[in-house]
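> Pasting the sequence and the predicted model now:
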Protein chains: 2
Amino acid sequence: MVLRVGVVGGGQLARMMIAPAVELGIELRVLAEEPGMSASLAATAVGDYHHADVVLAFAREVDVITFDHEHVPQDVLAALVEAGVAVHPGPHALRFAQDKLEMRARLAELGMPQPDWAAVSDAGELDDFLAAHGGRGIVKTPRGGYDGKGVRVVNSGVEADDWFAALAEDARGGSLLAEELVEFSRELAQQVARRPSGQTRAYPLVETVQRGGVCAEVLAPAPHATDRLVEVAAELGIAIANGLDVVGMLAVELFQTIDDRILVNELAMRPHNSGHWTQDGATTSQFEQHLRAVLDLPLGDTAPTQPWSVMVNILGGPAEGALEERFAPAMVDQPSAKIHTYGKAPRPGRKVGHVTVAGHDLDDVAYRARAAAAFFTD
Amino acid sequence: MVLRVGVVGGGQLARMMIAPAVELGIELRVLAEEPGMSASLAATAVGDYHHADVVLAFAREVDVITFDHEHVPQDVLAALVEAGVAVHPGPHALRFAQDKLEMRARLAELGMPQPDWAAVSDAGELDDFLAAHGGRGIVKTPRGGYDGKGVRVVNSGVEADDWFAALAEDARGGSLLAEELVEFSRELAQQVARRPSGQTRAYPLVETVQRGGVCAEVLAPAPHATDRLVEVAAELGIAIANGLDVVGMLAVELFQTIDDRILVNELAMRPHNSGHWTQDGATTSQFEQHLRAVLDLPLGDTAPTQPWSVMVNILGGPAEGALEERFAPAMVDQPSAKIHTYGKAPRPGRKVGHVTVAGHDLDDVAYRARAAAAFFTD
């Protein structure tokens, strides 16, 4: 009666489910896009997740289907559900992670705090939005963006003309998402796990530091967060998980505004970069928790095991040579650093690994994590 | 330039190397005795490790050979070394873990504290030893014993007649090991990691609780241990690792005598049951440390991440049904418990998994670990 979880997508999030699956005793099967991906050790199939027959064949051998990413098309997801496959998170939840306009509309219905926003279908509508918000704003393609891609700060509607033109050629038509430029003091992330039966558990609120639109560091828990802020963020995360019927891990990326409100920036319905610290700093890692949640097993304790954890991404990798050549100098310099690599070839800006350090003093922990990570990116 | 470690043996110790190998980014390859073993996810070959050609073929694809157990014959190990394969621990070290008489003789040369012992080749010699040690003693087969097998408390030489008869039929001949019956207050274990370049790191001294000759629980660190005891044990572990030129993890099983000396009971040159708590309670788990050591990478921090960890073995498994059926009740009752299962079929007395809990209060931690483990063995 081995429990079998099927993961669509062979990236590093699927890879990082391998360790907890092996330890707990769950069979993890991965449908990878191509051979040799990050999660190749657990890859039992290689195929294109855009094809329902490929995913259906893969799903036949598992108890539940979950995801390394949110890109599986709704028609493929619908075919799985139609065939009686347990899919977590389900298509009705995933659509809010797949389409930022749908997300904004649904969060508005739920009364969640978010930046001012509008669906804009041409440069004129965007200009109107910008005029009403101080002459500047953010414009986003509703679908397919990640790590800063598909996001642009604009001063004028014409600056999104290429995207409007692309929309006009897209059979699905549609609009772009315009958002006010929020004055924030920092970015935060709230993770929540939720089971099909409704049980939820919130992780500690963390601070995320972005550089060039990509997560560079995570400080856990978020420093200088008031009890009230922590409580409000956890309640908000749980309300969104319940409101959208998310099953598995949910990450809510947040702005903390200069007047100390929190506003929802983005959602991710899977393990998330903001939770990698949990592998080494929380009782139950987000990867184990995701497996438990999608299998409808009781959720694990989300408490930190040490007062502070700092996660630093390895972006791009070494200018010369392989990541592995940096193990020795990094390890001798920082014996407390937990080094994670994803089996991906270094390439500018690419997330190829991360380092976490946990301990009692935030400054010391952050120093050690940054020092260890620096060995991999010079 | 992926680093590749080959493990001979497909049991749970090889299995538990998978998680740190995947996280760090090391390729783990396992030569399993048969298909479907604990470490089958990483098994790239199935074959009999008694045959040099099988192990040599396996070794060709890796950077270093290490072990899930100590049973690989010396002639096979010699063939590997002869062929230029890096073997850690090496045959010259492993012989002391393979033969308890050789171990006793070598530890005596090194001046290590151990029980009185003698090599006895017939019942008369055993009687003489017993007479000199209060009329009772332990007799052990020098090779092949584990978890209480090959160990017997005797009051008379004739009680080992079957083993003497077996020796007489063994072409290698030889003797049994007689040991004094030590009056101990408890059993302890000291783990040490050592690299080929000589770097060593000691883990915290732990208390091991045996039932029926099998490890039932481990308390980490050992409660009520004086600073002096902790220091002496660490120095002893390092001295043995250096003296025997062990590379990888070394476990030294110890008696703490009623007059507060420590005596060496057994040695294991691999990750060891007494160190399973490190997966959830130390900065660097013994499995990651073993991989780092055999690859001659700098060793990781061995400090506990929380004040106390308690590991409870799951012995035998449930009387009815599969282990996985107990996940839900165990997890709902003990959300802080880290549950590990080995993919082995339940069978009376068999180690099929373990549970670890870490935290601030020893009694509470021990209670939670025992409570969670109990769900798997009723």
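Noted; the coordinates are in hand. The shown structure was predicted, so the numbers you read here are calculated from the model rather than taken from an experiment. Residues are numbered from 1 along each chain as shown, chains lettered A, B, ... in the order given.

> So for stretch A:177-192, what gets flagged as buried?
By 16 or more other C-beta atoms under 10 Å in any protein chain shown, the buried positions in stretch A:177-192 come out as A:177-182, A:184, A:186-192. Quick note: C-beta positions are derived from backbone N, CA and C, even for glycine.

> what does stretch A:208-216 give?
For stretch A:208-216, by 16+ other C-beta under 10 Å, it's A:208, A:214-216.

> Tell me where chain A has helices.
A:12-24, A:52-59, A:74-82, A:91-98, A:100-109, A:123-131, A:161-169, A:227-243, A:278-281, A:286-294, A:327-333, A:362-374 (DSSP state H).

> The lowest-mean-pLDDT helix or strand in chain A: which residues count as buried?
Lowest by mean pLDDT, DSSP states H and E among the helices and strands of chain A is helix A:161-169, with a mean of 88. By neighbour count with 16+ other C-beta under 10 Å, helix A:161-169 contains the buried residues A:163-164, A:167.

> got any ranges where chain A has weak pLDDT?
A:145-148, A:171-172 (pLDDT under 70).

> Show me it divided up by domain.
A:4-87, A:116-179, A:184-374 (automatic domain parsing).

> Distance to B:Ala118 added to the ones you listed, as TSV?
Below are the domains of chain A laid out as TSV (distance: least, C-beta to C-beta, whole Å):
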stretch	distance to B:Ala118
domain A:4-87	43
domain A:116-179	69
domain A:184-374	43
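
> so which of those domains gets nearest B:Trp308?
domain A:184-374 (12.0 Å; C-beta to C-beta).

> ok and the residue in the stretch 101-250 of chain A nearest chain B?
Residue nearest to chain B within the stretch 101-250 of chain A: A:Arg201 (8.2 Å; C-beta to the nearest C-beta).

> Straight-line length of stretch A:303-313, end to end?
22 Å (C-alpha to C-alpha, to the nearest Å).

> now check that stretch, is it near chain B?
Yes - Stretch A:303-313 lies within reach of chain B by C-beta under 8 Å from any C-beta of the partner chain, at A:303, A:305-306.

> Nearest residue to A:Leu56 in space, please, no chain neighbours.
Ranked by C-beta to C-beta, 6 or more residues apart in numbering or on different chains and with sequence neighbours excluded, the top spatial neighbour of A:Leu56 is A:Ala83, at 5.9 Å.

> can I get the residues of stretch A:303-313 next to chain B in CSV with neighbour count?
Shown next, in CSV, are the residues of stretch A:303-313 next to chain B (neighbours: other C-beta atoms under 10 Å in any protein chain shown):
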residue, neighbour count
A:Ala303, 15
A:Thr305, 19
A:Gln306, 17
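
> Could you count how many residues lie near the residue of the stretch 201-350 of chain A found nearest chain B?
As assessed by C-beta to the nearest C-beta, chain B sits closest to A:Thr341 within the stretch 201-350 of chain A, at 3.3 Å. By other C-beta atoms under 10 Å in any protein chain shown, the residues close to A:Thr341 number 27.

> residues contacting the residue positioned nearest the centre of chain A?
Central residue of chain A (C-alpha atoms, centre = their mean): A:His272, 3.3 Å from the mean position. Listed by C-beta atoms under 8 Å, 6 or more residues apart in numbering or on different chains, the contact partners of A:His272 are A:189, A:191, A:249, A:251, A:286.

> one more time with 7 Å
Going by C-beta atoms under 7 Å, 6 or more residues apart in numbering or on different chains, A:His272 touches A:191, A:249, A:251.

> repeat for A:Ala328
By C-beta under 7 Å, 6+ apart, A:Ala328 lies in contact with B:297-298.

> about what we covered before: and B:His354, which of the helices of chain A is closest to it?
helix A:12-24 (10.1 Å).

> tell me the angle that closest one makes with helix A:286-294.
Between helix A:12-24 and helix A:286-294, the angle comes out at 80 degrees (axes from the mean of the first three to the mean of the last three C-alpha atoms, to 10 degrees).

> is helix A:12-24 anywhere near chain B?
Yes - residues of helix A:12-24 contacting chain B under C-beta under 7 Å from any C-beta of the partner chain: A:15, A:18-19, A:22-24.

> Show residues contacting that helix.
Under the criterion C-beta under 7 Å, 6+ apart, residues A:5, A:7, A:28, A:30, A:38-39, A:41-42, A:68, A:270-271, A:285, A:287-288, A:290-291, A:342-343, B:15, B:18-19, B:22-23, B:41, B:339-341 lie in contact with helix A:12-24.

> same check, this time on stretch A:107-122
Residues outside stretch A:107-122 that contact it (C-beta under 7 Å, 6+ apart): A:101, A:104, A:126, A:129, A:133, A:164, A:175-180, A:182, A:236, A:239-240, A:243, A:261-264.

> tell me the contacts of the residue of the stretch 101-250 of chain A closest to chain B?
Contacts of A:Arg201 (C-beta under 7 Å, 6+ apart): A:193, A:299, A:302.

> just A:Val192 next, same as before
Contacts of A:Val192 by C-beta under 7 Å, 6+ apart are A:200, A:202, A:237-238, A:241, A:250.

> Equivalent analysis for A:Arg326, please.
So A:Arg326 contacts A:318, A:375-376 (C-beta under 7 Å, 6+ apart).

> how about a markdown table for those, with neighbour count and distance to A:Thr356 added?
Output for the contacts of A:Arg326, formatted as a markdown table (neighbours: other C-beta atoms under 10 Å in any protein chain shown; distance: C-beta to C-beta, whole Å):
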| residue | neighbour count | distance to A:Thr356 |
| --- | --- | --- |
| A:Pro318 | 17 | 19 |
| A:Phe375 | 23 | 15 |
| A:Phe376 | 27 | 13 |
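
> Pull up the residues of the stretch 201-350 of chain A that are close to chain B.
Looking at chain B, the residues of the stretch 201-350 of chain A close enough under C-beta under 7 Å from any C-beta are A:283, A:297-301, A:305-306, A:322-325, A:327-328, A:331-332, A:335-336, A:339-341, A:343.

> I figured the residue of the stretch 201-350 of chain A closest to chain B was touching A:Val352, is that so?
Yes - contact criterion C-beta atoms under 7 Å: A:Thr341 and A:Val352 qualify, at 6.4 Å.

> Next, show the common contact partners of the two.
Residues touching both A:Thr341 and A:Val352 by C-beta under 7 Å, 6+ apart: A:Leu323.

> related to what we said a few turns ago, state the distance from the residue nearest to the centre of chain A to B:Pro298.
The gap separating A:His272 from B:Pro298 is 31 Å, by C-beta to C-beta, to the nearest Å.

> Enumerate every residue touching the residue of chain A most remote from its centre.
Farthest-out residue of chain A from its mean C-alpha position, per C-alpha atoms, centre = their mean: A:Gly124, at 32.7 Å. By C-beta under 7 Å, 6+ apart, the residues touching A:Gly124 are A:Gly157.

> Tell me, how many residues neighbour the residue nearest to A:Ala303 when sequence neighbours are not counted?
Distances taken as C-beta to C-beta, 6+ apart place A:Thr283 nearest to A:Ala303, at 5.4 Å, with adjacent residues excluded. By other C-beta under 10 Å, the residues close to A:Thr283 number 22.
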